[in-house]
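Trainee: Quick one, structure for this:
(one chain, ligands or ions: 2)
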Amino acid sequence: MRALVKKARGKGHFELMEMPRPRPEPDEILIRVRAAGVCGSDIHIFDDAIKTPIHTPVIVGHECAGDVIEVGSQVKDFAVGERVSIESTKVCCEQCELCLAGNYNLCKQRRLFGYWYDGCFAEQIAVPAKRAYRLPPHIAYEEGALCEPLACAVHAVNELTPVAPGEFVVVIGPGTIGLLTQIVAQAEGAHVAVISTPSSSPRLRMAERLGAALTLELEKDDVPARILEATGGKGADVVFECAGSPKAVDLGFDLVRKGGRFTLEGLFGQFIPMDFDKVAFKEIRVVGALGQKRSAWNISMQYLAERRVNVAPLISRQVPLEDWEKAFDWTRGTAGREHIKVLLIP
Ligand SMILES: [Zn+2]
Ligand SMILES: [Zn+2]
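Mentor: Ligands and ions are numbered 1, 2, ... in the order given. Predicted coordinates:
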């Protein structure tokens, strides 16, 4: 089968090549991939600039949906023909305190599809049945490919920073994760302001389309003044940093109200200096959010089943696997950042 492979460590070393068809273990299901999302972290894997453990050669890709075409001998929960999406986690130790509490997204031994184990930029992928989730009947494969980033946003919002109806939320960085965070916070009844750098400002139109209460562009708008004005001089109840930018963190500390919450979804890939006096003087609760886990998936699938969130507008382009370079360029935003989620259709 055709698959996109990172052949060796270092920058690049990507090749679309012929790979053997995966064989499911007794506890696994084999999935025919119908749609796979290109993630910002796939760009980091290409660049070899990410702290998540990588083992090459490996088929890249960790966001997908498809059909079950074979089930292992021990699998009882799935049947051939069912439509599913999958977690990015393949393996964790299942024994440490974190795993036993269901927080295996933090397990030291956690290993991911598309990093350590063969991922979904391929015609087929074999995954443990317990990492798969049935798609609601009205959810298309293309939307199903966004379940993994949706679960990341749900983990950050519902599990780590619950928002109450009517609260004022700021999202900095309107990429896929930022916009999904907006969608989930809105589903919980929050008013959401989305803030962008000038380079990503085309994505603010999407934030508006999705129902943002306010969209602001750095350098053009007086962002702190506008947020104060929108909150009656108080500041935002919650800030989600989804840009992975040191400036966004500092701005976020300024925008959040006294006693407010600040959740970090972006990664920086380097040491960054931060003014923690701002945290102390306002008693801001700061928390980091990493990936997703079963509990977040269950909430995500419920959101989709009940049509409380709609991820379809985020899908910008769909191209065959052969055009992966174009898809990566659009995701990287080299020629302009109007695209949100680009899908590969193997
Ligand atoms: Zn991802
Ligand atoms: Zn563990």
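Trainee: From now on I want contacts and neighbour counts done on CA atoms only, so please keep to that.
Mentor: Noted.
Trainee: Tell me where the model's unsure across the stretch 51-200 of the chain.
Mentor: Along the stretch 51-200 of the chain, the model assigns pLDDT under 70 to no residue.
Trainee: which parts of it sit against ligand 2?
Mentor: Residues of the stretch 51-200 of the chain that fall close to ligand 2, judged by CA under 5 Å from the ion: Cys93, Glu94, Cys96, Cys99, Cys107.
Trainee: switch to 8 Å and redo it
Mentor: The stretch 51-200 of the chain comes close to ligand 2 at residues 92-100, 104, 106-110, as judged by CA under 8 Å from the ion.
Trainee: If any of these are buried, put those into a PyMOL selection.
Mentor: Selection of buried members from those for PyMOL, criterion 16 or more other CA atoms under 10 Å:
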select buried, resi 92+94+98+99+104+106+107+110
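Trainee: now, among the residues of the stretch 51-200 of the chain next to ligand 2, which is nearest to Leu304?
Mentor: Closest approach to Leu304 among these (CA to CA): Tyr104, at 23.4 Å.
Trainee: Test my guess that the closest one contacts Lys293.
Mentor: Yes - contact criterion CA atoms under 8 Å: Tyr104 and Lys293 qualify, at 6.8 Å.
Trainee: returning to that earlier point: among the residues of the stretch 51-200 of the chain next to ligand 2, name the ones in helices.
Mentor: Glu97, Leu98, Cys99, Leu100 (DSSP state H).
Trainee: Just give the nearest non-adjacent residue to the last one, would you?
Mentor: What that stands for is Leu100. Among residues not flanking Leu100 along the chain, Glu94 sits closest, at 6.3 Å (CA to CA, 6 or more residues apart in numbering).
Trainee: can you check the second one too?
Mentor: Distances taken as CA to CA, 6+ apart put Tyr104 closest to Leu98, at 5.6 Å, once the chain neighbours are dropped.
Trainee: Around His138, count how many other residues there are.
Mentor: 10 (other CA atoms under 10 Å).
Trainee: Equivalent analysis for the one 10 residues further on, please.
Mentor: The burial metric for Glu148, expressed as a neighbour count using other CA under 10 Å, is 25.
Trainee: what about the helices in the stretch 1-150 of the chain?
Mentor: 40-47, 97-100, 141-144, 147-154 (DSSP state H, counting those that start in this stretch).
Trainee: hey, which of the ones you listed is tucked in deepest?
Mentor: Among the helices of the stretch 1-150 of the chain, ranked by average contacts under mean count of other CA atoms under 10 Å, first place goes to helix 147-154 (a mean of 27).
Trainee: CSV for the helices of the stretch 1-150 of the chain, including distance to Glu322?
Mentor: Converted to CSV, those look like this (distance: least, CA to CA, whole Å):
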stretch, distance to Glu322
helix 40-47, 16
helix 97-100, 38
helix 141-144, 18
helix 147-154, 23
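Trainee: what about these, which gets the closest to Leu267?
Mentor: Leu267 sits nearest to helix 40-47 of all the helices of the stretch 1-150 of the chain, at 10.0 Å, using CA to CA.
Trainee: so what are the domain limits for this structure?
Mentor: Annotated domains of the chain cover 2-146+311-345, 151-288 [automatic domain parsing].
Trainee: Out of those, which gets nearest to Met301?
Mentor: Between the domains of the chain, domain 2-146+311-345 lies closest to Met301; by CA to CA that is 7.4 Å.
Trainee: The closest one: end-to-end distance?
Mentor: Domain 2-146+311-345 has an end-to-end distance of 12 Å (criterion: CA to CA, to the nearest Å).
Trainee: centre of the chain versus that domain, how much separation?
Mentor: 12 Å (CA atoms, centre = their mean, to the nearest Å).
Trainee: swap in stretch 246-254?
Mentor: 21 Å.
Trainee: I appreciate the help and will end here.
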